[in-house]
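> the sequence and its predicted three-dimensional model are supplied below.
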Amino acid sequence: TNVTNGVTPRRWVALANPALNDLMLETIGADWPAREHEWLRLEALQADPAFLARWEASKLEAKRRLAALIAERTEQLVDPTSLFDVQVKRIHEYKRQHLNALQLVVQYLRIKQGDTSAMVPRTVLFGGKAAPGYYMAKLIIRFINGIAEVINNDPDCKGLLKVIFLPDYNVKLGETVYPAADLSEQISTAGLEASGTGNMKFSMNGALTIGTLDGANVEIRQQVGADNFFLFGKTVEEIRQLRGQYRPWEWLERLPALQEAFALIEQGHFSGGERDLFRPLIDKLRGEDPFFVLADFDDYMQAQSRVDDVWLDRRRWTTMSLLNSARSGFFSSDRAIRDYASSIWKVDPITPSITRGNA
């Protein structure tokens, strides 16, 4: 028996996102977190320009709150009107934070080459911890921070790209991060994520997902609609077929922009001139790539271009954001508990009329 887990909207929206909570109270009522089926009433407002403006304003308020926290903890100033592109989760190769990091190097090269006409200003946020003995995960953290140091100090990138690695990421910090995200990075290799709940928290708060068909992404896409999800990557079956015959160096030959990125990394550009620092990471990608980063890279970049296109259409983006929240009621932990009660525990809920004294 399989039960999709869930997250509580009482904490992850009502408490964490006051501005969105106000809109939910007004639209659905005081007990809206307990009536997840009624969140769909938001859909009726997708054609209301005034409500969409308020929806967008609520997101901006959350982004300003996160920007203030970033300034306090990292001394970096970020633009709340930029696209907040967020990947926060445990650092692991299968979750592919290095896929995200590599596309940042490609975007950096675009900026340095003056190819910025269609570029959307982005603030790319990472957060997460690595297991104590997981060398490669720790190297990925160092890699992201090296990229951030170069990009954030290059005047050519100002107003176009900013990279932040949030220190000491934890659940409490997540209460500020999830409401502020415009784009949720759920880019693990298909077939390796058991489920995941961070993607649910993002979607509940109106973030759009860029992701593979992995874990709960499959059900999120089903619930919010394929048109409101940026899909990319090999499927579980395609990954299965690649195993045993995958030659990542051959895929790299077809990716000139990524070849250029690899060369820049190997020159020590993101490691203070230390050429060998990231060699284990690059050599593993070029020679083994067990999580198919290179196989999915081109498709990932195309999905990111689609993100840019939609972001420039503010009404479309805001409508998609609203629909993500409206259709995320399935991911409430209340629904998950009801499924457990009926399918696994075989118990009935206690009715509200029973008081503590006579229970």
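Arrived safely.
> ok, residue 111 to residue 155 distance?
Separation of residue 111 from residue 155 (CB to CB, to the nearest Å): 10 Å. For the C-beta atoms, the positions are set from N, CA and C on the backbone; glycine is no exception.
> which elements pack onto the lowest-mean-pLDDT helix or strand in the chain?
One helix or strand of the chain scores below all others by mean pLDDT, DSSP states H and E: helix 333-340, with a mean of 93. Applying 3 or more CB pairs under 8 Å, 6 or more residues apart in numbering; DSSP states H and E, one finds that helix 333-340 contacts no other helix or strand.
> before we move on, the earlier item: looking at residue 111 and residue 155, which one has more neighbours?
A count of neighbours by other CB atoms under 10 Å puts residue 111 above the other of residue 111 and residue 155, at 17 against 6.
> and the more buried one, which of the three is it?
helix (DSSP: H, G, I helix; E, B strand; the rest coil).
> okay, it: pLDDT?
For residue 111, the model assigns a pLDDT of 98.
> hang on, it packs against residue 159?
No. Look at residue 111 against residue 159 with CB atoms under 8 Å: they stay out of range, at 10.2 Å.
> just so I have it, where are all the helices in the stretch 51-200 of the chain?
97-112, 135-152, 171-180, 198-204 (DSSP state H, counting those that start in this stretch).
> most tightly packed of the ones you listed?
Mean neighbour counts were compared across the helices of the stretch 51-200 of the chain using mean count of other CB atoms under 10 Å; the top stretch is helix 198-204, at a mean of 27.
> model confidence over it, on average?
Mean predicted confidence for helix 198-204 is 97.
> centre of the chain versus it, how much separation?
8 Å (CA atoms, centre = their mean, to the nearest Å).
> other SSEs contacting it?
On a contact count with 3+ CB pairs under 8 Å, 6+ apart, helix 198-204 meets helix 171-180, strand 183-186, strand 208-211, helix 217-224, helix 314-326.
> ok, now with 7 Å
strand 183-186, strand 208-211, helix 217-224 (3 or more CB pairs under 7 Å, 6 or more residues apart in numbering; DSSP states H and E).
> let me have these in a markdown table, adding distance to residue 291, mean pLDDT and mean neighbour count as columns.
Listed next are the helices and strands packed on helix 198-204 as a markdown table, based on distance: least, CB to CB, whole Å; pLDDT from 0 to 100; neighbours: other CB atoms under 10 Å:
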| stretch | distance to residue 291 | mean pLDDT | mean neighbour count |
| --- | --- | --- | --- |
| strand 183-186 | 14 | 98 | 26 |
| strand 208-211 | 15 | 98 | 24 |
| helix 217-224 | 16 | 96 | 20 |
